[in-house]
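Peer 1: Structure of the sequence below:
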Amino acid sequence: MVRIEEHKHLTENKPIEQAVLPARVVIPLLQHLGKTLDRVLVKPQDHVRRGECLATSDKGVFAPVHASISGTVSQIADFPHPVSGFCRAIEIEGDGKDEALDTMKPRTSDEVARLTAAELRAIVFESGIVGLGGATFPAHIKLAPAKPIEDFIVNGAECEPYLTADNRLLIEKSREIVDGIKLVARIIQPKNISIAIENNKPQAIRCMREAVKSLGWRVVVLKTAYPQGGEKQVIKSCLRREVPSGKLPFDIGVLVHNVGTVVAIAEAVYLRKPLYERVMTVSGACLENPKNLLVRLGTLVEDLLKQCGPMTREPKRIIMGGPMMGIAQFTPQTPVIKGTSGILALDEAEEKEQEESFCVRCGACVENCPIGLNPGLIALAIAKGRLDLAESYGIMDCIECGLCAYVCPGRRHIVQAIKAAKLKIRKQQNK
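Peer 2: Sure thing, here's the model as predicted:
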């Protein structure tokens, strides 16, 4: 792990604001790690209300999607997607009323107390909750581990530069985080609970220590480094245990959820609220007023940039996510999805584009890989079209942190090649 420039000062002290209600949203049918939803429940000209389920599936790894505004379904077609280029999506033209489903009425504390573990898990599934740290793995699947869970870690490290949404959640939503942790604990029955926060978030650390002081949970203060917030890295830092290659955290008795995920679980259970909005950071030197916003899913990137403008200069690149693991967008017409932790408008100084050179076999990518892979060798296999060889080298263990490209003296696009190859491999596996 390495220390990199943070750029968090732009938004770390800015409270979460409600984003402007969008006039139009585009809800992709792929907002999770798994298969594209194949059972659409609405058709063009249908009127929908906020919280209404729009699409689901009957089997496989998936999470349903819901309307984030009320209005009319204008079309179901292919639209720009922040990860896969284009994807089938449901477009909704808003009516400005923001009407919610009648069923979205809060549960009382007594009603919540009577829910069984199976019922809680079903609520998480029906609400379409996925990992909000960026991995977007359906949360209900993680809450049904094949082995007993000894340690539950709530990940608030947020090691990516610029991003401060999790930091603000820890400060402003500590009660909801505690409620969400208690609900998860009822489902998986862990022996120990830890909340991991990097030491560059002193206010968040104070807030969470105060919130859990009578509960017997640990607030683990981690050294600020990148990629400290990766699931396997946070497990190693908190517990001094490693997840073996090809294995998952539950194989060693550990479950990790991002702080945003546990807040979404609390809202789903207590408020009957599906996952149709999330907190994200909109930042970068090109923006006059960078902010942390509570954003309706399906809002277009260009609409959010306007809310944080005006633009001080034309951005060199617009990135969805952080600068290390995020993905450059080919159009500002891309909608935000469940896994969108931030939107960055970066200028020439922030986004230095350098010509890619050849590999000099320096070993920097191997030395700095937090998983212990040989990224250069994997990239060579990809270049030769040998995805089978890349798999044997452990490509699927890659957490896509981007350190290999960051430290490469030849500025080789290693992580970009790995991301593209992993998408191809997953598509082949899902056929």
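Peer 1: Relative to G229, how far out is the residue nearest the centre of the chain?
Peer 2: For the chain, the residue sitting closest to the mean C-alpha position, by Cα atoms, centre = their mean, is G134 at 2.3 Å. Distance, G134 to G229, using Cβ to Cβ, to the nearest Å: 9 Å. All C-beta atoms are positioned from the backbone trio N, CA, C, and that covers glycine.
Peer 1: cool, and N199?
Peer 2: According to Cβ to Cβ, N199 and G229 sit 13 Å apart.
Peer 1: which one is N200 nearest to, not counting chain neighbours?
Peer 2: T224 (4.4 Å; Cβ to Cβ, 6 or more residues apart in numbering).
Peer 1: for C87, same thing?
Peer 2: Nearest residue to C87 in three dimensions, chain neighbours excluded: H81, at 3.8 Å (Cβ to Cβ, 6+ apart).
Peer 1: Across the sheet, point out what pairs with that neighbour.
Peer 2: Under DSSP bridges, the beta-bridge partners of H81 are G85.
Peer 1: begin at 289 from here
Peer 2: Okay, using 289 as the starting number, the last item reads as H369.
Peer 1: Phi first, then psi, for L408.
Peer 2: Here is the backbone geometry of L408 (degrees, to the nearest 10): phi -60, psi -40.
Peer 1: Quick check: it touching A473?
Peer 2: No: in this structure L408 lies outside contact range of A473 using Cβ atoms under 8 Å: 10.5 Å.
Peer 1: And what about the closest residue to Y681 other than its chain neighbours, helix, strand or coil?
Peer 2: Nearest non-adjacent residue to Y681, counting by Cβ to Cβ, 6+ apart: I666, 4.8 Å away. Under the three-state scheme (DSSP: H, G, I helix; E, B strand; the rest coil), I666 adopts helix.
Peer 1: which residues touch I666?
Peer 2: By Cβ atoms under 8 Å, 6 or more residues apart in numbering, the contact set of I666 is A678, Y681, G682, I683, C686, I702, I706.
Peer 1: now what about the longest helix along the chain, what contacts it?
Peer 2: Using DSSP state H, we find that the single longest helix of the chain is helix 702-718. The contact list for helix 702-718, computed with Cβ under 8 Å, 6+ apart, reads 322-323, 348, 371-372, 615, 653, 663-664, 666-667, 670-671, 675, 678-679, 683-684, 686, 688-690, 692-693, 696.
Peer 1: can you rerun that using 7 Å?
Peer 2: Residues outside helix 702-718 that contact it (Cβ atoms under 7 Å, 6 or more residues apart in numbering): 323, 372, 653, 663-664, 666-667, 670, 675, 678-679, 683-684, 686, 688, 690, 692-693, 696.
Peer 1: What of stretch 492-503?
Peer 2: Under Cβ under 7 Å, 6+ apart, the answer for stretch 492-503 is G444, N455, L458, I459, S462, R463, V466, I483, I485, V507, V509.
Peer 1: Residue most distant from the centroid, the chain?
Peer 2: Distance from the C-alpha centroid of the chain, by Cα atoms, centre = their mean, peaks at V648 (34.2 Å).
Peer 1: In this model G698 seems to touch that one, though I could be wrong.
Peer 2: Yes: here V648 reaches G698: they are 6.1 Å apart, a contact under Cβ atoms under 7 Å.
Peer 1: List the residues that contact L665.
Peer 2: L665 makes contacts with Y681, as judged by Cβ under 7 Å, 6+ apart.
Peer 1: Torsion angles phi and psi at A365?
Peer 2: Dihedral pair for A365: phi -160, psi -180, per degrees, to the nearest 10.
Peer 1: And stretch 579-596, what's buried?
Peer 2: Within stretch 579-596, the residues that qualify as buried are 579-581, 583-589, 591-593, 595-596, counting by 16 or more other Cβ atoms under 10 Å.
Peer 1: Would you indicate which residues of the lowest-mean-pLDDT helix or strand in the chain are buried?
Peer 2: Lowest by mean pLDDT, DSSP states H and E among the helices and strands of the chain is helix 702-718, with a mean of 86. Across helix 702-718, burial judged by 16+ other Cβ under 10 Å covers I702, V703, Q704, A705, I706, K707, A709, K710, I713.
Peer 1: before we move on, what about stretch 306-317?
Peer 2: Neighbour-count burial for stretch 306-317 flags A307, L309, P310, R312, V313, V314, I315, P316, L317 (criterion: 16+ other Cβ under 10 Å).
Peer 1: Can you add secondary structure, distance to G610 and pLDDT and give those residues back as TSV?
Peer 2: Listed next are the buried residues of stretch 306-317 as TSV, based on DSSP: H, G, I helix; E, B strand; the rest coil; distance: Cβ to Cβ, whole Å; pLDDT from 0 to 100:
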residue	secondary structure	distance to G610	pLDDT
A307	coil	19	98
L309	coil	26	98
P310	coil	23	98
R312	strand	27	98
V313	strand	24	98
V314	strand	23	98
I315	strand	24	98
P316	strand	20	98
L317	coil	25	98
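Peer 1: Break the chain into its domains for me.
Peer 2: According to automatic domain parsing, the chain comprises the domains 397-559, 652-718.
Peer 1: Looking at the buried residues of stretch 306-317, which is nearest E636?
Peer 2: Closest approach between these and E636, by Cβ to Cβ: A307, at 27.7 Å.
Peer 1: Contact partners for the nearest residue to G518 once chain neighbours are set aside?
Peer 2: Nearest residue to G518, sequence neighbours excluded (Cβ to Cβ, 6+ apart): I687, at 4.9 Å. Residues counted as contacts of I687 (Cβ under 7 Å, 6+ apart) are P515, G518, K520, I659.
Peer 1: Are we agreed that I687 is in a helix?
Peer 2: No: I687 sits outside any helix when classified using three-state DSSP, being coil.
Peer 1: ok, so what distance separates it from C653?
Peer 2: Between I687 and C653 the computed distance is 14 Å (Cβ to Cβ).
Peer 1: Double-check that the residue nearest to the centre of the chain belongs to a strand.
Peer 2: No: counting by three-state DSSP, G422 falls outside a strand, being coil.
Peer 1: What is the neighbour count of the residue nearest to C375?
Peer 2: Neighbours of H369 under the rule other Cβ atoms under 10 Å: 21.
Peer 1: What of the one 5 residues further on?
Peer 2: Other residues within reach of F374 by the criterion other Cβ under 10 Å amount to 11.
Peer 1: which one is it nearest to, not counting chain neighbours?
Peer 2: D366 (4.8 Å).
Peer 1: Thanks a lot, see you next time.
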